[in-house]
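**Student:** here is the input, now give the coordinates:
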Amino acid sequence: MPQPTATLAAPAAAPPTRGAGVAAPGPAAVGSEFAPLLRTVKEQGLLERRPGWYARGITVNLLALAAMITGMALTGGSWWVLLLAPLFALFSARAAFFGHDAGHAQITGDRRRSRLIQLVHANLLLGMSQEWWNDKHNRHHANPNHVDKDPDVAPDVLVFTTAHAAGREGLRGWLTRHQAWLFFPLTTLEGIALKVYGFRAVLSRTPSVRQSPRERAVEAALLLAHVTAYTTLLLTAMPLGRALVFGLLHQMVLGLHLGMAFAPNHKGMEMPDGEHGKDWGHLRRQVLTSRNIRGGPVTDWFLGGLNYQIEHHLFPSMPRPHLALARPLVRAHCRALAVPYTETGLIDSYRQALGHLRDVGEPLRLDA
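**Tutor:** Numbering: from 1, shown residues only. Purely as a prediction, here's the structure:
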């Protein structure tokens, strides 16, 4: 299929970027704001799937993972094998990105095929429950950054509002006071945490996700297969001590990589609650709470396309290679509506996200 190209009806200057905390203009004709943009995107074929692009990408990634495993087998007798752990994490993160895209039906419109692709990439390759992730991630997409409805900003080890930070004491209070400094170190645990959450969801006697017994059994079997295969690989390729170090390094770099991909997207952006944002339509709800990251092909590859967070949230089923093509259309449409469109560099996005975490913890630091 020929690759679509994005064209604008009339040239428009780039809209100004917006930093966290800038008040958004009030809604205007909310019910119709998104419809013209959706129509343009459909007309230009940007919602048509790209199975060939994904087939090539998935094949290359699986070959890269196979090369990493071969390298581990060949160099496992030496400490040099540890150099492969970060590379293994890099391509493991690619598997996570493909699983994410499959969960959004970006790869194929067939639900069974999408589920199969996601089961392979999430459950088998990463040890993460695809159904648990889908449930959590879909609730995030429905109400991004919403204080009460988005599970990604629910208070946990980290908190994202001063209201959630208030009254925290002991270890949790200490974590909140220093969460800006601790954010990236804590993300090194994300790869392990995703496995723990997945196992807990699938094996729970009172599951929070609706699944048939057969679906749960399939998920559980694939999660166990992942742990068995991963442990066997490490223990057969290298001595026990080296295997422990390799596994820890692999999981820590994987968690850090995923954290670096997800952190810039919403942290420090608008956070609607019961009153604030209740009148926003789909376009404002997604655009005002999301941040894009500028870059080129390397950034696109490293962040798995999530650097086009605004376009992804507006059109979750849009295939990854079309997000960049939709970007000028969305920017021009937001400019015409005077809706702030936030886009910044990668380093500045981390500065904004960490600044928000620091501001949330400041009242506790002042009281300490």
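**Student:** can I take it that residue 107 is in a helix?
**Tutor:** No - with DSSP: H, G, I helix; E, B strand; the rest coil as the criterion, residue 107 is assigned coil and is not in a helix.
**Student:** mind listing what it touches?
**Tutor:** With CB atoms under 8 Å, 6 or more residues apart in numbering as the criterion, the residues that contact residue 107 are 49, 51, 54, 98, 101, 113, 114, 117, 319. Where C-beta positions appear, they are placed from N, C-alpha and C, glycine not excepted.
**Student:** and it, what are its phi and psi?
**Tutor:** Residue 107 adopts backbone torsions of phi -80, psi -40, taken as degrees, to the nearest 10.
**Student:** quick check, pLDDT for the closest residue in space to residue 187 that isn't next to it in sequence.
**Tutor:** Once flanking residues are discounted, residue 187 sits nearest to residue 259: 2.8 Å by CB to CB, 6 or more residues apart in numbering. Residue 259 carries a pLDDT value of 94.
**Student:** ditto for residue 274
**Tutor:** Reading off the model, residue 274 has pLDDT 82.
**Student:** wouldn't it be in contact with residue 146 here?
**Tutor:** No - applying CB atoms under 8 Å as the test, residue 274 and residue 146 come out as separate, 9.5 Å apart.
**Student:** for these two, indicate the residue with more neighbours.
**Tutor:** residue 146 (23 against 9; other CB atoms under 10 Å).
**Student:** who are the contact partners of residue 139?
**Tutor:** Residue 139 touches 149, 150, 151, counting by CB under 8 Å, 6+ apart.
**Student:** please redo it, this time with the cut-off set to 10 Å
**Tutor:** By CB atoms under 10 Å, 6 or more residues apart in numbering, the contact set of residue 139 is 146, 149, 150, 151, 152.
**Student:** now it: phi and psi?
**Tutor:** Main-chain torsions, residue 139, degrees, to the nearest 10: phi -70, psi -30.
**Student:** again, but for residue 293
**Tutor:** Backbone torsions of residue 293, given as degrees, to the nearest 10, read phi -120, psi 120.
**Student:** re the thing from before, buried stuff in whichever strand or helix holds the residue nearest to residue 187?
**Tutor:** Under the criterion of DSSP states H and E, residue 259 resides in helix 240-262. Using 16 or more other CB atoms under 10 Å as the test for burial, helix 240-262 gives 242-243, 245-247, 249-262.
**Student:** in the stretch 1-150 of the chain, where is pLDDT below threshold?
**Tutor:** Applying pLDDT under 70 to the stretch 1-150 of the chain picks out residues 1-31.
**Student:** one more pass at 50, please.
**Tutor:** 1-2, 5-30 (pLDDT under 50).
**Student:** can you show me the helices along it?
**Tutor:** 30-33, 35-43, 51-75, 84-103, 111-118, 125-126, 130-142 (DSSP state H, counting those that start in this stretch).
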